[in-house]
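Student: fold the stuff below for me.
(one chain, ligands or ions: 2)
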Amino acid sequence: MTDAPVIRRTLPSGPWTIVAPKRSTRPQPAAKPSEDPTHCHFCPGSEHETEPEVYALRAADTKPDSPGWRIRVVPNKFPALVSDAGDPGRPQSLYSEIGAIGIHEVIIETPDHDRALAEMRPDEIADVLAVYRARLQAASRRRYVRSVAVFRNEGRAAGASQLHAHAQLVGLPIVPARLQAEIDAAVDYRRRRKRCVSCDAIKRELKKGSGVIAENAEFVAFACFSPRFPYETWILPKAHHHDFRLVPLKHLCALADVLGAVLKALRAALDPFPYNLVLQTAPVQMSIRAQGAFHWRLEVVPRLTTGSGFELGSGVFIVSLSPEDAARRLREAIAEHREAKRVRR
Ligand SMILES: [Zn+2]
Ligand SMILES: [Zn+2]
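Tutor: Ligands and ions are numbered 1, 2, ... in the order given. The predicted structure is shown next:
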């Protein structure tokens, strides 16, 4: 077999795997942020060490691939998918193998090597979210891309191979099984109840209150009722909305407020705080029926524990902290942060 990556699925509707032999040459995570800051490929001055940039927020008088940027997007140097290898082919029901044709980008979120997303101001987080949205829109326009995953890994336990704050975007020629199963279940719920299942969940959370961590007029963050990992937090728009690509700028600012508060609270409650941020949004094409049933969300998933054979085999997770207790601790952390800010003023 060649080194070209492929996407495989053994059984119908089972999980997909990208087999990408070249990925094994990518750098391994450094131990500490302070270990070798001069050799970070993502820092200003090292632009030539990445692939040429495809998008950036940068000062008007600066050139691509030079310093002067606030956020910079580059193709992943060790992509899990390739963009220029033609038609991926059609999935089969059994022993399916198609070409891993798609897009794999890195979004470098700040020029400051030591600045975590949790430390950024809401307006800086809003800029980061606006770049996610812009790249999602661009990836969706690519031929063969059927769904786009935007995620960030922070900390070694969460799979980060670079310490400098960054997110990744993967445009896939398939719709992942987990997303498709959720869409199918949401469509079924809506057919029976005439409502969106996530809108109903939000109503229930706001009424109950014990799981709510932060909210404003547009967004609510609550502890996931059945978390895979302790402190798993979901952030959803309060009004029904299926697609992150269509979120207006004003709402990105409101989302940045809630996301910033959640990340700061998690950092205060957990030390260290390795986590994944995952955007669950509509695939590139979606029927009107599915648009009315599916509701996009951000998942913030701290990675304090790793799964065992039980989780791997059954898909059933065990957490030792109740989501209600997690939410209470995070609400307290937010209140303390507000109080500290008030005293400093
Ligand atoms: Zn750096
Ligand atoms: Zn909804």
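Student: where does residue 24 land on pLDDT?
Tutor: pLDDT recorded at residue 24 is 66.
Student: and for residue 345?
Tutor: 77.
Student: tell me how many other residues surround it.
Tutor: 4 (other CB atoms under 10 Å). To be clear about C-beta, it is placed using only N, CA and C from the backbone, and glycine gets the same treatment.
Student: ditto for residue 39
Tutor: Neighbours of residue 39 using other CB under 10 Å come to 11.
Student: so that it lines up with my notes, have the first residue be 16 from now on.
Tutor: Taking 16 as the first residue, the last one we looked at is residue 54.
Student: give me the pLDDT value at it.
Tutor: 87.
Student: could you measure from it over to residue 235?
Tutor: 42 Å (CB to CB, to the nearest Å).
Student: do residue 94 as well
Tutor: Here the criterion is CB to CB. By it, residue 94 lies 35 Å from residue 235.
Student: cool, residue 164 as well?
Tutor: On the measure of CB to CB, residue 164 and residue 235 end up 23 Å apart.
Student: what of residue 145?
Tutor: Residue 145 is 21 Å from residue 235, by CB to CB.
Student: mind checking which of those two has more residues around it?
Tutor: Applying other CB under 10 Å to residue 145 and residue 235 shows that residue 235 carries more neighbours, namely 20 against 17.
Student: does residue 77 sit in a helix, a strand or a coil?
Tutor: coil (DSSP: H, G, I helix; E, B strand; the rest coil).
Student: that one and residue 84 touch, don't they?
Tutor: Yes - if you go by CB atoms under 8 Å, residue 77 and residue 84 touch, sitting 7.1 Å apart.
Student: who has more neighbours out of those two?
Tutor: residue 84 (21 against 12).
Student: would you list the phi and psi of that one?
Tutor: Dihedral angles of residue 84 (phi, psi; degrees, to the nearest 10) stand at phi -90, psi 160.
Student: for it, which non-adjacent residue is closest in space?
Tutor: The spatially closest residue to residue 84, leaving aside those adjacent along the chain, is residue 73, at 3.9 Å (CB to CB, 6 or more residues apart in numbering).
Student: any idea how far residue 142 is from the one you found?
Tutor: 12 Å.
Student: go on, residue 252?
Tutor: For residue 252 relative to residue 142 (CB to CB), the value is 19 Å.
Student: between the two, which one's more packed in?
Tutor: Comparing residue 252 with residue 142 by other CB under 10 Å, the one with more neighbours is residue 252, at 22 against 19.
Student: need the overlap of contacts for residue 73 and residue 142.
Tutor: residue 85 (CB atoms under 8 Å, 6 or more residues apart in numbering).
Student: quick one: low-confidence parts of this protein?
Tutor: 16-17, 39-53 (pLDDT under 70).
Student: change it to 50
Tutor: 45-49 (pLDDT under 50).
Student: in it, what residue is nearest ligand 2?
Tutor: residue 211 (3.0 Å; CB to the ion).
Student: quick check: that residue touching residue 255?
Tutor: Yes - using CB under 8 Å as the test, residue 211 is close enough to residue 255 to be in contact (5.3 Å).
Student: what's next to stretch 331-348, contact-wise?
Tutor: Contacts for stretch 331-348 (CB under 8 Å, 6+ apart): 225-229, 237-248, 277, 279-281, 283-284, 322, 325-326.
Student: next: stretch 136-150.
Tutor: Taking CB under 8 Å, 6+ apart as the rule, stretch 136-150 contacts 70, 72, 85-86, 88, 120, 122, 124-125, 132, 135, 165, 182, 184, 259-260, 262, 264, 267-268, 270-272, 274-275, 294.
Student: what comes up buried for that stretch?
Tutor: 137, 139-150 (16 or more other CB atoms under 10 Å).
Student: what does stretch 287-306 give?
Tutor: Applying 16+ other CB under 10 Å to stretch 287-306 flags 288-299, 301, 305-306 as buried.
Student: in strands only, show me the residues you listed.
Tutor: Among those, the ones falling in strands (DSSP state E) are 290, 291, 292, 293, 294, 295.
Student: that older thread, of the contacts of stretch 331-348, buried ones?
Tutor: 226-229, 237-239, 242-248, 277, 279-281, 283-284.
Student: what's the span of stretch 96-111, first residue to last?
Tutor: Using CA to CA, to the nearest Å, one end of stretch 96-111 lies 17 Å from the other.
Student: noted, bye for now.
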